[in-house]
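Novice: no sequence on this one, just coordinates:
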């Protein structure tokens with residue numbers, strides 16, 4: 001019985017990821033990368049929630065830059081750099097967002113991408129510099 005409980009706990013932890021945010025999405029032609037100071041997600045179609053994990057490899061850097069385009073649909077992007085999920089922006093189909101937030105002590109940043117239904121032709125790029 002203890003083995004079953006331990007296996008169940010391990011499965012739950014692997015599904016939620018280290019961030020504590022649940023990912024659940026369907027996508028067509030999803031290309032993404034995340035890691036030291038940079039993360040991106042590009043897709044043809046996307047529906048759901050995805051979490052990008054950035055690690056600040058140079059703690060002197062304190063600005064998160066982002067450039068986002070979306071062909072169709074609506075997406076809200078949140079950011080968590082200190083354990084609190086905050087609205088960053090919402091983008092609608094046909095729009096482009098290019099901005100930054102700075103003056104924050106970034107060590108680890110979670111970018112949470114949540115679509116409102118199916119979205120098309122998205123390009124989401126984030127960089128700590």
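Specialist: In hand now; what should we look at? Every value quoted in this text rests on a predicted model; they were computed, and no experiment measured them.
Novice: tell me which element residue 52 is part of?
Specialist: Secondary structure from DSSP states H and E places residue 52 in strand 38-55.
Novice: helices and strands around that strand, which ones?
Specialist: For strand 38-55, the contact count by 3 or more Cβ pairs under 8 Å, 6 or more residues apart in numbering; DSSP states H and E identifies strand 24-28, strand 31-34, strand 108-115, strand 119-128 as packing neighbours. C-beta: built from backbone N, CA, C; applies to glycine.
Novice: taking strand 119-128 as reference, get the angle to the third one.
Specialist: Between strand 108-115 and strand 119-128, the angle formed by their directions is 170 degrees, by axes from the mean of the first three to the mean of the last three Cα atoms, to 10 degrees.
Novice: low pLDDT regions in this protein?
Specialist: With pLDDT under 70 as the threshold, the chain has low-confidence stretches at 1-19.
Novice: can we see that at 50?
Specialist: Counting by pLDDT under 50, the chain shows low-confidence ranges at 2-17.
Novice: residues contacting the residue lying closest to residue 44 once chain neighbours are set aside?
Specialist: If you skip the residues right next to it in sequence, residue 44 has residue 29 as its closest partner in space, 3.9 Å away by Cβ to Cβ, 6 or more residues apart in numbering. Taking Cβ atoms under 8 Å, 6 or more residues apart in numbering, we find residue 29 in contact with 43-45.
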